[in-house]
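Engineer: coordinates only, sequence not included:
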């Protein structure tokens, strides 16, 4: 049976010859389709945080070194950087619904293969394959949302959509910790299969159809430039700590990345059918939103990385208890996201962003109080304050930026949005980790120099410990390491919090006031 066109009131009197382009297609009944889109987005983002909890267990089972096991995450990140730029072209070529279904099926299948991996080599290969649909899903989901939801309802829709972007990383450590501690680490991959099957069935039945445009050629020179450029940049960021940030390999990769990305911009401005339309950067509201998203992404992933690490290494918590400690912040964001969307629809992105960044920055600065004696309630309150700001500000910022773009380049804006989140999170984490590592080494050397093992200034406690032999000094050494780690992490949160507060200035340049009404909408095929 032929699909039935669904029309908004604005389209009821339009002539039949009106062009039905995917860029302008809207539907009044967007709530249920949006729920289907959130499933795919949630899966792809959840995978990035849930896997990190299982890395130590996988390392032990595969009997590999720390440097080797990190390639499970590094390979995934590198492949994402290569595949994301093609997402916009694939969506136009295949149609968004078809691409979403293909990506969801592939992600579920490759997740199952990851769960069956018998060694590190096979795991890395399967993670690379998993990253292909994993990179396509976020761009496709965001583009579907903007093609489907009327402009005056974008805030509410993005509030629900944001649950996948921000809440999933917070839920991941809790779910991953439970599965690793009480069941089996392989379930962190297998769990994607039933969710993916449900998502595919729901998408086939509910998601609107968005016809593809088969005329556009694939921009191979542009793709090679951005793919190799991003690969080189992400590889330098991933390995900079081990190779040395001033080492020739990191410097060469960075130089290669800068030159290729600059060449990519030149190519895209001159080709007739660009892979990604770089003219999105001519729109200041969009560029401003990318800057603010970068600031918030760095803070988000810094907290999600350093807090669980300190809880396990400094305070000796299990993965499960660590996950439970970071869970309340995810719940706060789950509550704040829909509220932020409705606020955006009423007053625009400026004030939610200003207040959100201020709260997020203040909460991050409270985390500078991290130490071995802090209580879990204290830490939870600090993270909840920070999460409230993140939940209030993130979606209005993203929505305000992309809604400022002409409909014809929204897919390119979605791709750049995803790339910005991934690259800045990796860049920020790499810089903060380098800072934390250097400071830990310096603090440890400084404090060790104050502890005299011989002579008139030796502390009586050290003499008593030395009486038990060389092993007697181990407790003092462990305490010193934890204190140094806490001090270095405190400085990390100081930098992240200060940068977040500085973002408040940029937030004042965002639009204020209700979103403009939607232009006459086009029909969307359902089925």
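Structural biologist: Happy to help now that I have it. Source: prediction; values computed, not measured. Numbering: from 1, shown residues only.
Engineer: Buried residues in stretch 263-280, which are they?
Structural biologist: Residues of stretch 263-280 classed as buried by neighbour count (16 or more other C-beta atoms under 10 Å): 263-265, 267-268, 274-278, 280. The C-beta positions use only the backbone N, C-alpha and C, and glycine is treated the same way.
Engineer: Those residues into CSV, with extra columns for pLDDT, secondary structure and distance to residue 194?
Structural biologist: Formatted as CSV, the buried residues of stretch 263-280 follow (pLDDT from 0 to 100; DSSP: H, G, I helix; E, B strand; the rest coil; distance: C-beta to C-beta, whole Å):
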residue, pLDDT, secondary structure, distance to residue 194
263, 95, helix, 44
264, 92, helix, 39
265, 92, helix, 43
267, 93, helix, 43
268, 90, helix, 40
274, 86, coil, 39
275, 85, coil, 35
276, 84, coil, 34
277, 86, coil, 38
278, 89, helix, 40
280, 89, helix, 37
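Engineer: Report the separation between the two terminal residues of stretch 145-159.
Structural biologist: Stretch 145-159 has an end-to-end distance of 12 Å (criterion: C-alpha to C-alpha, to the nearest Å).
Engineer: For that stretch, the averaged confidence score.
Structural biologist: The average pLDDT for stretch 145-159 rounds to 81.
Engineer: which residues does residue 238 contact?
Structural biologist: 70, 74, 77-78, 426, 430 (C-beta atoms under 8 Å, 6 or more residues apart in numbering).
Engineer: Helices - which of these land there?
Structural biologist: Those of the contacts of residue 238 mapping onto helices are 74, 77-78, 426, 430, per DSSP state H.
Engineer: Of these, which is the nearest to residue 148?
Structural biologist: Using C-beta to C-beta, residue 77 comes nearest to residue 148 of these, at 29.4 Å.
Engineer: Residue 394 is in what secondary structure piece?
Structural biologist: Per DSSP states H and E: residue 394 is located in helix 376-402.
Engineer: Who are the packing partners of that helix?
Structural biologist: helix 154-162, helix 284-313, helix 319-347, helix 350-366, helix 410-450 (3 or more C-beta pairs under 8 Å, 6 or more residues apart in numbering; DSSP states H and E).
Engineer: any chance of those in a markdown table, plus distance to residue 110 and mean neighbour count?
Structural biologist: Formatted as a markdown table, these follow (distance: least, C-beta to C-beta, whole Å; neighbours: other C-beta atoms under 10 Å):
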| stretch | distance to residue 110 | mean neighbour count |
| --- | --- | --- |
| helix 154-162 | 24 | 25 |
| helix 284-313 | 23 | 22 |
| helix 319-347 | 24 | 21 |
| helix 350-366 | 34 | 23 |
| helix 410-450 | 19 | 19 |
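Engineer: doesn't residue 274 make contact with residue 219?
Structural biologist: Yes: the pair residue 219 and residue 274 passes the contact test of C-beta atoms under 8 Å, sitting 5.7 Å apart.
Engineer: anything in contact with each of the two?
Structural biologist: 267-268.
Engineer: circling back to that earlier point, of all the helices and strands packed on helix 376-402, which one is nearest residue 131?
Structural biologist: Of all these, helix 410-450 sits nearest to residue 131, with 10.8 Å by C-beta to C-beta.
Engineer: packing partners for that closest one?
Structural biologist: Short answer (3+ C-beta pairs under 8 Å, 6+ apart): helix 410-450 packs on helix 71-83, helix 87-94, helix 120-148, helix 220-243, helix 284-313, helix 376-402, helix 474-507.
Engineer: buried sites along the fourth one?
Structural biologist: Right, the one you point to is helix 220-243. 222-223, 225-240, 243.
Engineer: And the longest one, by the same measure?
Structural biologist: With burial defined by 16+ other C-beta under 10 Å, the residues of helix 474-507 counted as buried are 480-490, 492-493, 495-497, 499-501, 503-504, 506-507.
Engineer: What average pLDDT does it get?
Structural biologist: 86.
Engineer: can you check the second one too?
Structural biologist: The pLDDT scores in helix 87-94 average 84.
Engineer: roughly how far is that helix from the heart of the chain?
Structural biologist: 22 Å (C-alpha atoms, centre = their mean, to the nearest Å).
Engineer: just so I know, which of the helices and strands packed on helix 376-402 lies nearest residue 211?
Structural biologist: Using C-beta to C-beta, the helices and strands packed on helix 376-402 put helix 410-450 closest to residue 211, at 13.8 Å.
Engineer: how far does the closest one sit from the chain's center?
Structural biologist: Using C-alpha atoms, centre = their mean, the offset of helix 410-450 from its chain centre is 14 Å.
Engineer: next one: stretch 278-297
Structural biologist: On the basis of C-alpha atoms, centre = their mean, stretch 278-297 sits 16 Å off its chain's mean C-alpha point.
Engineer: Could you list the residues in contact with it?
Structural biologist: Here stretch 278-297 makes contact (C-beta under 8 Å, 6+ apart) with 264-265, 268-269, 349, 353, 357, 360, 390, 393-394, 397-398, 400-402, 404-405, 409, 412-413, 416-417, 420-421, 424-425, 428, 499-500, 502-503, 506-507, 509-511.
Engineer: 6 Å - rerun?
Structural biologist: 265, 268, 394, 397, 400-401, 404-405, 409, 412-413, 420-421, 424-425, 499-500, 503, 506, 509 (C-beta atoms under 6 Å, 6 or more residues apart in numbering).
Engineer: cool, and stretch 488-499?
Structural biologist: Residues from elsewhere that reach stretch 488-499, judged by C-beta under 6 Å, 6+ apart: 295, 299, 302, 306, 310, 361, 364-365, 367-368, 370, 432, 436, 439-440.
Engineer: Give me the below-cutoff pLDDT ranges for the stretch 51-200 of the chain.
Structural biologist: Applying pLDDT under 70 to the stretch 51-200 of the chain flags residues 66-67, 166.
Engineer: one more time with 90
Structural biologist: 51-97, 118-120, 131, 134-185, 188, 191-192, 195 (pLDDT under 90).
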